[in-house]
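>>> need coordinates for the below:
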Amino acid sequence: MTADTIINRDALCALRELPAESVHCAVTSPPYYALRDYGLDAQIGREDTPEQYIERLTAVFHELKRVLRSDGTFWLNISDTYCGTGSKGSYTDPKYPKGRNGQGFSLARTAAGCKHKDMIGIPWLLAFSLRADGWYLRSDIIWQKDNPMPESVKDRPTRCYEHIFLLTKSKQYYYDAAAVAEPTAPKTAARYKSSRSASSKYAAEVPGQGKVQGLNKARSGGYYDPALIPTMRNRRDVWLINTVPYKGGHFAAFPSKLAETCILAGCPKGGVVLDPFFGSGTTGLAAKALNRRYIGIELNSEYCALARARIGGEAP
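Predicted coordinates for the structure are as follows:
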C-alpha cells in the first residue's frame, strides 16, 4: 500500500483491497441522505429508504474497521435529513434548471416511523448501527457554524450544526488531548486563586459521584501557586468552526480546520489518515499540512482531479 494516494473507485471495493491494521486514523464526511445526486450508479445517498442508506454505510465502515489499526480512531461527520419534502415532479426552477448545487428532488418523501416534516434522525441511526457492528461510540461532537447555510423556514430554528462522531475499534486507542487542548478562560485562574468555604455545598461529595472536585475543596485564598494554575483545558465537545468558500466544482467541502482538529487528536505524526469519501481532498490537504500521510478513496473521477490539483496527490 502506498500512502499519499488517491484511489478512484467505489469505497467498499477499494477498502476490501487495503491491508488490515494499516491506517492510524480515518476522517470522513459521506454523502448525506437524499441531499444531492452526483449522477453515478454506485453513489451513496440516493437509496430508496433511510434503512438502505444506513445499511450501505455500515457495510463500508465495517470494512474500514478491518483496515484501521487496533489503536486507531474514526471521525465521522454526518448530518440529518427531513422527511416529506415531496417530489417536485417535472418542475424545474427557471433560475436553477439543473437543480441547486447538484440537488435533485428529495427521496425522503416517506420514511418508516416518520411523519411529514419530521427529522429522520440519520446521524443517530447510523451511530447506533455502527455501535451494534462493534465500534465504540466515544463522543458526539457538535460542529457549530456561525455562518450556516441560510434557510427560508419560518416554523423552526435555522440549522447551524452537524455531528462528528468519534468512534474507535478498541477500548484503548491513540488520542492526543494536549494537541487539541483549549486555553482556559481568565475566570478559571481567578477561581483557582479564590478561597473556598467549607460550608459550600460543593465542598462535600456530590451525591452519586463519590468525590470532591479539586477546584471546589475548602481552602483559604491564594492556596494555589500561580505557576501551577493550568493555562489549558481539555477540548470540549462543541467545536465552533466556520465553513470556508471553495471555488472548485465540489459542493460539500468541509473546512480544513475541522479535519486538522480530528487528525491532531487522533493520528500520530507520520501516521496514515484514510478518507473513504475523499471528495475534493480536504482530509488529504490537512494530513499533508500536519506531517501525516493520506489515502483518499473517491468514486467521482472529477473530484479526484480536484483533489490532485489541491494537494498534488498521484493516482495509483
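
>>> so what touches stretch 225-239?
139-144, 164, 177-178, 180-184, 188-189, 192-193, 258, 261, 265 (Cβ atoms under 8 Å, 6 or more residues apart in numbering). For glycine as for every other residue, the C-beta is placed from the backbone atoms N, C-alpha and C.

>>> go with 6 Å
With Cβ atoms under 6 Å, 6 or more residues apart in numbering as the test, stretch 225-239 has contacts from 139, 141, 142, 143, 144, 177, 180, 181, 182, 184, 189, 192.

>>> next one: stretch 179-190
Contacts for stretch 179-190 (Cβ under 6 Å, 6+ apart): 229, 230, 231, 232, 233, 235, 261, 264, 265.

>>> between the contacts of stretch 225-239, which is closest to residue 9?
residue 143 (28.0 Å; Cβ to Cβ).

>>> from residue 29, how far off is that closest one?
Separation of residue 143 from residue 29 (Cβ to Cβ, to the nearest Å): 10 Å.

>>> residue 129 belongs to a helix?
Yes - note on residue 129: a helix contains this position according to DSSP: H, G, I helix; E, B strand; the rest coil.

>>> ok so, going back, filter the contacts of stretch 225-239 down to the buried ones, ChimeraX style.
Selection of buried members from those for ChimeraX, criterion 16 or more other Cβ atoms under 10 Å:
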select :141,143,180,192
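
>>> if you rank the contacts of stretch 179-190 by neighbours, which is first?
Among the contacts of stretch 179-190, the one with the most neighbours (other Cβ atoms under 10 Å) is residue 261, at 22 neighbours.

>>> can I assume that residue sits in a strand?
No - going by three-state DSSP, the assignment for residue 261 is helix, not a strand.

>>> so who does it touch?
residue 180.

>>> burial measure for residue 156, as a count.
10.

>>> so which bits of stretch 147-167 are buried?
Counting neighbours by 16+ other Cβ under 10 Å, stretch 147-167 gives 162, 163, 164, 165, 166, 167 as buried.

>>> how far away is residue 153 from residue 121?
18 Å.

>>> before we move on, what about residue 83?
For residue 83, the distance to residue 121 - Cβ to Cβ - is 10 Å.

>>> how about residue 76?
15 Å.

>>> out of these two, which sits in the busier spot?
residue 76 (24 against 17).

>>> let me know the secondary structure of the more buried one.
strand.

>>> secondary structure element for residue 239?
Assessed by DSSP states H and E, residue 239 sits inside strand 238-240.

>>> residue 137 reaches residue 130, doesn't it?
No - Residue 137 lies out of contact with residue 130 (Cβ atoms under 6 Å); the separation is 7.0 Å.

>>> neighbour-wise, which of these two wins?
residue 130 (23 against 15).

>>> pLDDT-wise, which helix or strand of the chain ranks last?
helix 186-193 (a mean of 76; mean pLDDT, DSSP states H and E).

>>> just how off-centre is stretch 230-240 within its chain?
17 Å (Cα atoms, centre = their mean, to the nearest Å).

>>> measure that stretch end to end?
22 Å (Cα to Cα, to the nearest Å).

>>> so for that stretch, what's the average pLDDT?
What stretch 230-240 shows for mean pLDDT is 94.

>>> pretty sure residue 25 contacts residue 267?
Yes - assessed by Cβ under 6 Å, residue 25 is found in contact with residue 267 at 3.6 Å.

>>> between these two, what contacts are shared?
residue 273.

>>> will you turn the buried residues of stretch 147-167 into TSV that also has pLDDT, distance to residue 304 and secondary structure?
Listed next are the buried residues of stretch 147-167 as TSV, based on pLDDT from 0 to 100; distance: Cβ to Cβ, whole Å; DSSP: H, G, I helix; E, B strand; the rest coil:
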residue	pLDDT	distance to residue 304	secondary structure
162	96	24	strand
163	98	27	strand
164	98	24	strand
165	98	26	strand
166	98	27	strand
167	98	26	strand
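
>>> of these, which pair is most distant in space?
162 and 167 (15.7 Å).

>>> what's the spacing between the strand or helix carrying residue 143 and its chain's center?
Per DSSP H and E, residue 143 falls inside strand 136-144. What separates the centre of strand 136-144 from the centre of its chain is 8 Å, taken as Cα atoms, centre = their mean.

>>> with stretch 115-123 instead?
Once both centres are worked out by Cα atoms, centre = their mean, stretch 115-123 turns out to sit 20 Å from its chain's centre.

>>> quick one, strands of the stretch 1-150 of the chain?
5-8, 23-28, 68-78, 136-144 (DSSP state E, counting those that start in this stretch).

>>> any low-confidence regions in the stretch 151-300 of the chain?
193, 195-200, 202-204, 210, 213-224, 246-253 (pLDDT under 70).

>>> go again using 80 as the cut-off
188-229, 245-253 (pLDDT under 80).

>>> helices or strands up against the strand holding residue 143?
strand 161-168, strand 238-240 (3 or more Cβ pairs under 6 Å, 6 or more residues apart in numbering; DSSP states H and E).
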